[in-house]
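Enquirer: below are the sequence and a predicted model; questions follow.
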Amino acid sequence: MSIRGRLEAIASNLWWCWTPDAQALFQRIDPDAWERTNHSPLAVLRGASEAQLAEAYASPEALDALDDVQARLHTYLGGEGTWVRRETPEMRRGLVAYFCAEFGIHESLPLYSGGLGVLAGDHIKTASDVGVPFVGIGLKYPEGYFQQSVDADGWQQERYPPTDWSTIPAELVAHGGEPLIVDMPISDRTVYAQVWKLEVGRATLYLLDTNVPQNNAEDRTIGGRLYSGGSETRIRQEIVLGVGGVRLLRALKLDASVYHLNEGHSAFACLELMREHVDEGVSFDDALARVRRKTLFTTHTPVPAGHDRFAPDLVQVMLWRLQQGLKVDWRTFLGMGRLNLDNPNETFCMTVLALKCASKANGVSALHGAVSREMWRDMWPGWSVHDVPIGHVTNGIHVETFMHPTLRATLDERFAGQWQDALHDDDGWGALIDSLSDDDIIAMKRTLKKAMFDSLKQRLYTFGDDYGPDTEWQMGALANWRTDVLTIGFARRFATYKRGAMLFDEFERAVELIANSDRPIQIVYAGKAHPKDVPGKEVIQRVIKAARDPRLKGRVLFMENYDMSIARSMVSGVDVWLNTPRRPREASGTSGQKVNMHGGVNCSILDGWWGEGFNDKNGFAIGDREVPHDPAEQDRRDRAALYGVLEGHVVPEYYAGTPAGSGEAWLARMRGSMRTLPARFSTRRMLADYIRQFYAPITAG
């Protein structure tokens, strides 16, 4: 096989996106193109001449690297010795069908907006790693989520460039030599979708695409953009995802033992599953019981306003044929999405539908599980809150995706394959970290900080023409940032409850803290606000205004167009990860979990996962667990606690050593973060919890 053919074979499986040696094969061809294409192997290959490939792979070392990656991919896909084979062999008999509206697998595949999508991407990668039979079901968005820039007024601007799907390793699924087509009833017509397949290691992700000639112009654009449009667009997307997803599985002759609904967007899948049983002559109640036995629902939203709700008349217009297929009246059908079946004005809630159709349900942290039980207690009248059947599995991260290649090379060299197996074992992981010396950790952190500065500068250089007016001075600032200066990161969705600009609430105090000549701070921000979230955009504008203030300019940066590439750079390089949500509105929040393995420490409100992870020695808590009834009072207390912990603990501890960042107390925080958190908050632990609590029992029946 030619060099090009061998490289295309590697690029065709998304295993490369969590395998640095595989990525290096394509970066070698054209480093500039690698950056311009947002790290897309197929895009690099499409643009490379035969002469470029011959030059890139002229040396024995380059060919050896290609041979090695090919062999490792072959061994990986063989699936021998996986965790599931060893620990839960019963799972080999089943198939998990995982429905989600977004999948954050890699920055070159824009099918995600934020944490929900990245979690889904991490979930499918980990299912592949540990050997769970697994398929993901999602939508193919021609324009994905928006690209962000910031104008001269500091206001977020959105653009939607079309995704070049020829550079994405997606294969159109065929049947009888023609594209496989599934259909679903929406309103008074039939909507059709073709199916794309992406190989994600040993797992498969299927994407439904309504841009086919069989549809009218309106229906061809159902999946145009992620989380855009009004209620009518949203309900049509969710019918395609849920109903179309089930019909896709039937067309592929895939019989799932577990249907895992990741958020309520896909809950119409349950109604389609019930319709199948009714078609076989089963009663509505028995059909519901059968579907419940095989369905797991994971909720990620800790506030009532965040759950999808549709007006009853819209549901009737869009789903009347599904209602007829279930052979029930509208009171019963609409009641599947209502708390009160006899309230004709109550909206149809997708979370209520999912909870009624699932025998198992969970939140995504211990605190979120408790919040969810309280939020939905009315669905189980007469039950105590404690007995409401919503448990929890705390989210984790796919360590291999977010681990910096430098750290990975060190662990591979010292511990071979042991470090990945140790992610299933807190004590085993801790023992590995204990074997690293203080000098090892200090040197690693300095290297990773410098790599972050260089990576962010490269990002500005490559894409600066698409950004706002701050690019040039930000590049200059990054060139002068120092590895011995305390560096803080804040990157996430700019929803108002996350209070992204809290540090600047008392601006003069913030200036004094950040611009101190003896103990300065460098801060990098990144994140997007939903296009319709004006208050969220105002928070970004406040951060931009602070970054442009002459007293802080060059010390505070806002990186535009936040994506997984920027995230990987930041979480590997920062000393401190800042998180200021209004407790208990952060369901889990996984961004801070990514800094721990890199020797970064969290400074966070005790919300989501940090309420479980913090132990007084492995990071910093902002405030306590008490939540005042008055949000203004809560903000006041948390703001005072934020300044107090930065001024009284974070800054003094960091600068206590010589050089800065090497003092005894700071090193203890770094080591505590590295040894106590990565295994406990990895998706390997998370998926083991899902298997033991839900997948295996459901599969066993």
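Expert: All right, it came through fine.

Enquirer: now the strands for the stretch 401-550 of the chain?
Expert: Taking DSSP state E, counting those that start in this stretch as the criterion, the stretch 401-550 of the chain contains strands spanning 486-491, 521-526.

Enquirer: turn those strands into JSON lines, columns for mean pLDDT, distance to residue 513 and mean neighbour count.
Expert: Bear in mind the C-beta positions are built from the backbone N, C-alpha and C, glycine included. Converted to JSON lines, the strands of the stretch 401-550 of the chain look like this (pLDDT from 0 to 100; distance: least, Cβ to Cβ, whole Å; neighbours: other Cβ atoms under 10 Å):
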{"stretch": "strand 486-491", "mean pLDDT": "98", "distance to residue 513": "10", "mean neighbour count": "24"}
{"stretch": "strand 521-526", "mean pLDDT": "98", "distance to residue 513": "7", "mean neighbour count": "24"}
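
Enquirer: take those strands and write them to a markdown table, including distance to residue 57.
Expert: As requested, the strands of the stretch 401-550 of the chain are arranged in a markdown table below (distance: least, Cβ to Cβ, whole Å):
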| stretch | distance to residue 57 |
| --- | --- |
| strand 486-491 | 36 |
| strand 521-526 | 36 |
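
Enquirer: residue 685 reaches residue 679, doesn't it?
Expert: Yes - counting by Cβ atoms under 8 Å, a contact exists between residue 685 and residue 679, whose distance comes to 6.4 Å.

Enquirer: who's more crowded, these two?
Expert: Set side by side, residue 685 and residue 679 show more neighbours around residue 679, with 25 against 19, by other Cβ atoms under 10 Å.

Enquirer: surely residue 671 is in contact with residue 440?
Expert: No - using Cβ under 8 Å, residue 671 makes no contact with residue 440, being 10.4 Å away.

Enquirer: who has more neighbours out of those two?
Expert: Shown here are residue 671 and residue 440; by other Cβ under 10 Å, residue 671 has more neighbours (19 against 14).

Enquirer: I'd guess the more buried one is in a helix, am I close?
Expert: Yes - inclusion of residue 671 in a helix is indicated when DSSP: H, G, I helix; E, B strand; the rest coil is applied.

Enquirer: which residues touch it?
Expert: Residue 671 makes contact with 433, 438, 441 under the criterion Cβ atoms under 8 Å, 6 or more residues apart in numbering.

Enquirer: could you redo the last one with a cut-off of 7 Å?
Expert: 433, 441 (Cβ atoms under 7 Å, 6 or more residues apart in numbering).

Enquirer: and what of residue 561?
Expert: For residue 561, the contacting residues are 147-149, 463, 467, taking Cβ under 7 Å, 6+ apart as the criterion.

Enquirer: rerun that using 6 Å as the cut-off
Expert: Residues in contact with residue 561, defined by Cβ atoms under 6 Å, 6 or more residues apart in numbering, are 147-148.

Enquirer: name the next helix or strand following the helix or strand that contains residue 197 along the chain.
Expert: Element membership of residue 197 [criterion: DSSP states H and E] is strand 189-200. Where DSSP H and E defines the elements, the next helix or strand beyond strand 189-200 is strand 203-209.

Enquirer: avg pLDDT for that next one?
Expert: Averaged across strand 203-209, the pLDDT comes to 98.

Enquirer: to residue 539, which of the strands of the stretch 401-550 of the chain lies closest?
Expert: Closest approach to residue 539 among the strands of the stretch 401-550 of the chain (Cβ to Cβ): strand 521-526, 10.2 Å.

Enquirer: pLDDT weak spots in the stretch 251-400 of the chain?
Expert: Applying pLDDT under 70 to the stretch 251-400 of the chain flags no residue at all.

Enquirer: strands along the stretch 101-250 of the chain, start to end?
Expert: Per DSSP E, counting those that start in this stretch, the stretch 101-250 of the chain carries strands over the ranges 134-139, 147-150, 156-159, 170-172, 174-175, 178-179, 181-186, 189-200, 203-209.

Enquirer: nearest to residue 523, of those strands?
Expert: Between residue 523 and the strands of the stretch 101-250 of the chain, the tightest spacing by Cβ to Cβ is seen for strand 147-150, at 16.2 Å.

Enquirer: partners of that closest one in the sheet?
Expert: Partner strands and pairing direction for strand 147-150 (DSSP bridges) are strand 156-159 (antiparallel).

Enquirer: still on that earlier bit, adding distance to residue 98 and mean neighbour count, write the strands of the stretch 101-250 of the chain out as JSON lines.
Expert: As requested, these are exported to JSON lines (distance: least, Cβ to Cβ, whole Å; neighbours: other Cβ atoms under 10 Å):
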{"stretch": "strand 134-139", "distance to residue 98": "5", "mean neighbour count": "27"}
{"stretch": "strand 147-150", "distance to residue 98": "27", "mean neighbour count": "21"}
{"stretch": "strand 156-159", "distance to residue 98": "29", "mean neighbour count": "17"}
{"stretch": "strand 170-172", "distance to residue 98": "18", "mean neighbour count": "15"}
{"stretch": "strand 174-175", "distance to residue 98": "23", "mean neighbour count": "12"}
{"stretch": "strand 178-179", "distance to residue 98": "23", "mean neighbour count": "12"}
{"stretch": "strand 181-186", "distance to residue 98": "18", "mean neighbour count": "19"}
{"stretch": "strand 189-200", "distance to residue 98": "11", "mean neighbour count": "20"}
{"stretch": "strand 203-209", "distance to residue 98": "9", "mean neighbour count": "23"}
